[in-house]
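Trainee: Structure for the following, please:
(one chain, ligands or ions: 1)
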Amino acid sequence: MTNVESNTSSSLTMPGDATATCWSCGTMRAVHFCSACGKVQPPVPVDYFTFFALPRKLHVDAALLEREFYELSLKLHPDLCARADKREQEWSLEQSSLLNDAYRTLKDPIKRTEYLLRLEGVELEEQSKTATEKARATGEIKKQVVPPDLLEEVFELNMQLEELRMQKKLGEDDPALVEEIGKHKLELEKKYEALLEELKTYWAEWDQLPDDAAEENRRKVRDKMVDLLNRRSYIRNLVRDVNEAVEN
Ligand SMILES: [Zn+2]
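Mentor: The predicted model follows:
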């Protein structure tokens with residue numbers, strides 16, 4: 001992901017780039033297809049925001065994005081019989097697959113946030129991958145840091161889950177305990193849902209940053225989003241643990 005940054009340099013074809021001409025008719029073209037003759041152009045390495053000619057912001061007009069997606073799908077469709085040129089057919093395939101990836105990523109609020117963070121140099125997957133490999137190497141169970149606001153609840157819940165597993169081993173049944181655990185699960189799910197609203201406030205902070213914002217200010221907002229995504233995956237894993245303990 002790290003070379004995306006350098007790939008978006010001004011030497012490449014960007015929407016509105018005055019130097020870009022169509023391979024077929026020589027007219028000025030849009031990034032995906034020629035505005036004059038409609039022929040699909042060779043894909044240029046751009047990030048998903050640039051692909052849709054969107055600014056690198058987190059609030060995205062979902063209706064507009066969907067409209068653009070369907071419009072581009074038609075224009076880039078590989079099966080159009082007008083695509084007599086073999087190269088154009090290949091470019092259509094590549095552009096269509098890029099379009100689908102870009103759309104899937106940008107329409108989903110979480111995927112969009114993770115993608116932007118990666119463009120910004122935050123390696124979310126790398127972090128967790130390194131942690132997993134390290135834990136595997138040392139034979140330790142991978143430990144996630146408990147979000148501070150969940151400490152108490154997680155402690156209590158883990159005790160109850162331990163008790164439940166024990167009871168199940170002994171073939172005992174404790175409906176009151178299962179109900180208690182169910183209540184915790186509900187609380188966690190509520191918190192999980194609320195995270196999306198919290199995330200939107202950070203989107204607003206990010207989107208309001210001026211283009212020349214100091215790195216320190218950019219990092220502050222990025223850190224808040226990373227922290228939220230970590231809390232989110234923590235809660236998701238915890239709910240999965242609860243489900244496993246209750247259902248097994
Ligand atoms: Zn053309």
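Trainee: The spatially most central residue of the chain: which element?
Mentor: The residue lying closest to the centre of the chain (C-alpha atoms, centre = their mean) is residue 111, at 1.6 Å. Following DSSP states H and E, one finds residue 111 within helix 109-119.
Trainee: What is that helix packed up against?
Mentor: Packed against helix 109-119 by the contact rule (3 or more C-beta pairs under 8 Å, 6 or more residues apart in numbering; DSSP states H and E) you find helix 4-7, helix 48-51, helix 86-107, helix 124-138, helix 175-208, helix 215-247. In short, each C-beta sits where N, CA and C put it, glycine included.
Trainee: Just list what the longest one packs against, helices and strands only.
Mentor: Which is helix 175-208. Partner elements for helix 175-208 (3+ C-beta pairs under 8 Å, 6+ apart): helix 109-119, helix 151-169, helix 215-247.
Trainee: In JSON lines: the ones you listed, plus mean pLDDT and distance to the ion.
Mentor: Compiled in JSON lines, the helices and strands packed on helix 175-208 are given as follows (pLDDT from 0 to 100; distance: least, C-beta to the ion, whole Å):
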{"stretch": "helix 109-119", "mean pLDDT": "95", "distance to the ion": "30"}
{"stretch": "helix 151-169", "mean pLDDT": "92", "distance to the ion": "60"}
{"stretch": "helix 215-247", "mean pLDDT": "93", "distance to the ion": "39"}
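Trainee: hey, which of those helices is tucked in deepest?
Mentor: helix 109-119 (a mean of 18; mean count of other C-beta atoms under 10 Å).
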